[in-house]
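J.: model the following, please.
(2 chains)
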Number of protein chains: 2
Amino acid sequence: MAGKPETQIRPISNIVIVVAMEMEALPIVNRFRLTRQPHSSFPERVPWVRYGGTYKDLSINLIWPGKDPASAIGHCFVLSATSPDPFLSGTTGGFKAKGASIGDIFIISGCAFHDRRIPIPGFDLYGVGLRKAFDTPNLIKELNLKVGRLSTGNSLDMTLQDESLIMANDATVIDMEGAAIAYVADLLKVPAIFVKAVTNIVDGDKPIVEEFLENLAAVADALDPAVEQVVNFINGNSLSEL
Amino acid sequence: MAGKPETQIRPISNIVIVVAMEMEALPIVNRFRLTRQPHSSFPERVPWVRYGGTYKDLSINLIWPGKDPASAIGHCFVLSATSPDPFLSGTTGGFKAKGASIGDIFIISGCAFHDRRIPIPGFDLYGVGLRKAFDTPNLIKELNLKVGRLSTGNSLDMTLQDESLIMANDATVIDMEGAAIAYVADLLKVPAIFVKAVTNIVDGDKPIVEEFLENLAAVADALDPAVEQVVNFINGNSLSEL
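T.: Residues are numbered from 1 along each chain as shown, chains lettered A, B, ... in the order given. Predicted coordinates for the structure are as follows:
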């Protein structure tokens, strides 16, 4: 392990889980017996809610951004305030043409945006914002999880332009926060691991919004044991062992 | 002035100017003889650049987010770190059908997003994110400035969906950061005043990107004296006198 920084080889001790919606947050809060933290070290008046606790050898914080679901700012303050070893997050839409089914759990290999079109050389790549997620080959193999790329946009529906850029991003799954989280993680040099449960099939027969609402509760329940498996695998391991 | 908070009635002493592009930043930096501030109180490694100085009775900070032009996170850290009385910002595209011409200076009455479509009750309004700017009737009258609504999106081009939501937002001008800045200002309770110079006509004959690039330098030069006029009006006045 010569040359690896100390944070890569010591056992992971501090993780943050970020989810966008209360329905995703509560099963995880209950599973790890987290309690609401009144002094959140966020700026006054922000709507973000923080839960915390200890599970095995890990200190776990869970952040639910409250009425502010897509806020990269929330994530930035979370990571600044908690300095986690790695952090994890949320639910997603998937493409059956790329091998996604409802309830599947994906680990994300890389993220990009599909609705930041800035056709000026240099700014175009800034807009796409392609970033690799933290590499976790052992975790993926041991838990037998699917792997895919994630594309992020600010809308729950999908225009033709969005669709063509999602294809250009070679995405299997899409969401509304991942690439913003990857950006913040990159900025603050915190490893990001994306554990994403598929709520709806984007290229299927049902309207996106209808299927999303129909499946959210059931899929949030599938996300929760997957997060537990991942957290159990993380416990006792170092970043370089993931 | 009974009932007004103290910050509303004391003379303004500290302002922050936020601009997206270096070409907008430099004329303002030169005009107010600001100098680059090495210790920026930002997290390590972030690309945001801060200039500071004193002009008349005002402490002025100018932030240019560097390679990170559309970052609400940058604005959030800026406002957290500098706690300004009010702050100001940037360039914009305008609609001639709504009365905008190249080089016009607008004060913004309110901002909303046009590319955050979340068709779920409650989340839909969160997506649109309509917020009023700080009210400055005396400044507008004294400097004889145009007033209009601003719509913000992550892309420099405009899809049909964007266009229809820009119309729904009743916007005269559009940009790529305003509504995110309004959101941050609202979160941190800092008054936001938007001074926007029109770089391109969105509903004209020329392609948006081409016209934007063609006019940016000239319009940045028009923005700079307008910002000076506004700063001169602010100097010696309280928030409630603007």
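
J.: and the closest residue to A:Ala97 other than its chain neighbours, how far is that from A:Ser155?
T.: Spatial nearest neighbour of A:Ala97, excluding adjacent residues (C-beta to C-beta, 6 or more residues apart in numbering or on different chains): A:Asp203 at 5.4 Å. Every C-beta, even on glycine, is put in place using the N, C-alpha and C of the backbone. Distance, A:Asp203 to A:Ser155, using C-beta to C-beta, to the nearest Å: 16 Å.

J.: one more: A:Gly178?
T.: Distance, A:Gly178 to A:Ser155, using C-beta to C-beta: 14 Å.

J.: how about low-confidence regions in chain A?
T.: Residues of chain A that meet the criterion pLDDT under 70 lie in A:1-4, A:39-45, A:67-83.

J.: which strands or helices does the longest helix along it pack on?
T.: When chain A is parsed with DSSP state H, its longest helix is helix A:208-234. Counting contacts by 3 or more C-beta pairs under 8 Å, 6 or more residues apart in numbering or on different chains; DSSP states H and E, helix A:208-234 is packed against strand A:14-18, helix A:22-31, strand A:58-64, strand A:87-94, strand A:105-113, helix A:137-143, strand A:192-201.

J.: just after the fifth one, pick out the following helix or strand.
T.: So that's strand A:105-113. Following strand A:105-113 in sequence order, the next helix or strand is helix A:123-128 (DSSP states H and E).

J.: okay, A:Gly178 and A:Ser155: which has more neighbours?
T.: A:Gly178 (30 against 19; other C-beta atoms under 10 Å in any protein chain shown).

J.: middle-most residue in chain A, spatially?
T.: Centroid-nearest residue in chain A: A:Ser89, 3.0 Å away (criterion: C-alpha atoms, centre = their mean).

J.: does it touch A:Val18 like I think?
T.: Yes: using C-beta atoms under 8 Å, A:Ser89 is in contact with A:Val18, at 4.3 Å.

J.: residues that sit against both of these two, list them.
T.: Jointly contacting A:Ser89 and A:Val18 under the rule C-beta atoms under 8 Å, 6 or more residues apart in numbering or on different chains are A:177, A:181.

J.: for the closest residue to A:Arg33 other than its chain neighbours, helix, strand, or coil?
T.: Nearest non-adjacent residue to A:Arg33, counting by C-beta to C-beta, 6+ apart: A:Gly53, 5.7 Å away. Reduced to three states with DSSP: H, G, I helix; E, B strand; the rest coil, the structure at A:Gly53 is strand.

J.: show me what contacts A:Gly53?
T.: A:32-35, A:59-60.

J.: identify the bridge partners of it.
T.: Taking DSSP bridges as the rule, A:Gly53 bridges to A:Ile60.

J.: coming back round to it: just the buried ones from the contacts of A:Gly53, in ChimeraX syntax?
T.: In ChimeraX, this line selects whichever of the contacts of A:Gly53 come out buried by 16 or more other C-beta atoms under 10 Å in any protein chain shown:
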select /A:32,34,59,60
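
J.: from the contacts of A:Gly53, which single one is nearest chain B?
T.: Taking C-beta to the nearest C-beta as the measure, chain B lies nearest A:Ser59 of the contacts of A:Gly53, at 21.2 Å.

J.: surely that closest one touches A:Val16?
T.: No: at 9.4 Å, A:Ser59 and A:Val16 do not qualify as touching, with contact defined as C-beta under 8 Å.

J.: hang on, the earlier thing: going by distance to A:Arg149, which of the contacts of A:Gly53 wins?
T.: When the contacts of A:Gly53 are compared for distance to A:Arg149 (C-beta to C-beta), A:Ile60 wins out at 27.1 Å.

J.: that closest one contacts A:Thr54, correct?
T.: Yes: the criterion here is C-beta under 8 Å, and A:Ile60 meets it with A:Thr54 at 7.1 Å.

J.: contacts only, for A:Leu143.
T.: A:Leu143 touches A:229-230, A:233, counting by C-beta under 8 Å, 6+ apart.

J.: returning to that earlier point: got the buried residues for the longest helix of chain A?
T.: A:208-209, A:211-212, A:215-216, A:219-220, A:222-224, A:226-227, A:229-231, A:233-234.

J.: neighbours around the residue nearest to A:Ala97, how many?
T.: Neighbourhood size, A:Asp203 [other C-beta under 10 Å]: 15.

J.: that one and A:Gly99: what is the separation?
T.: 11 Å.

J.: same question for A:Leu213.
T.: A:Leu213 is 24 Å from A:Gly99, by C-beta to C-beta.

J.: what's near enough to touch A:His114?
T.: Counting by C-beta under 8 Å, 6+ apart, A:His114 makes contact with A:151-153, A:162, A:165-166, A:168-169, A:171, A:174.

J.: what's the burial count for the spatially closest residue to A:Ala218 that is not a sequence neighbour?
T.: Among residues not flanking A:Ala218 along the chain, A:Gly103 sits closest, at 7.3 Å (C-beta to C-beta, 6+ apart). As a burial measure, A:Gly103 scores 16 neighbours (other C-beta under 10 Å).

J.: surely A:Gly103 touches A:Asp221?
T.: No: in this structure, A:Gly103 is not within contact of A:Asp221 by C-beta under 8 Å, at 9.3 Å.

J.: out of the helices and strands packed on helix A:208-234, which gets nearest to A:Gly129?
T.: The nearest among these, by C-beta to C-beta, is strand A:105-113 at 4.9 Å.

J.: if we look at the closest one, which residues are touching it?
T.: Strand A:105-113 has contacts (C-beta under 8 Å, 6+ apart) with A:92, A:94, A:100, A:127-133, A:136, A:139-140, A:145-153, A:169, A:171-173, A:178-179, A:181-182, A:193-198, A:222-223, A:226, B:154.

J.: please pick the buried ones from the residues you listed.
T.: Buried among the contacts of strand A:105-113 (16+ other C-beta under 10 Å): A:92, A:94, A:100, A:127-129, A:131, A:133, A:136, A:139-140, A:145-146, A:148-153, A:169, A:171-173, A:178-179, A:181-182, A:193-198, A:222-223, A:226, B:154.

J.: which helix or which strand is home to A:Ser151?
T.: Assigned by DSSP H and E, A:Ser151 falls in strand A:146-152.

J.: ok, A:Gln229 to chain B distance?
T.: 30 Å (C-beta to the nearest C-beta, to the nearest Å).

J.: show me the contacts for that residue.
T.: Contacts of A:Gln229 (C-beta under 8 Å, 6+ apart): A:Leu143.

J.: burial measure for A:Ser240, as a count.
T.: Neighbours around A:Ser240, by other C-beta under 10 Å: 14.

J.: are we agreed that it is in a strand?
T.: No: the assignment for A:Ser240 (three-state DSSP) gives helix, which keeps it out of a strand.

J.: next one: it relative to A:Pro191, how far apart?
T.: Distance, A:Ser240 to A:Pro191, using C-beta to C-beta: 10 Å.

J.: that concludes my questions; thank you for your assistance.
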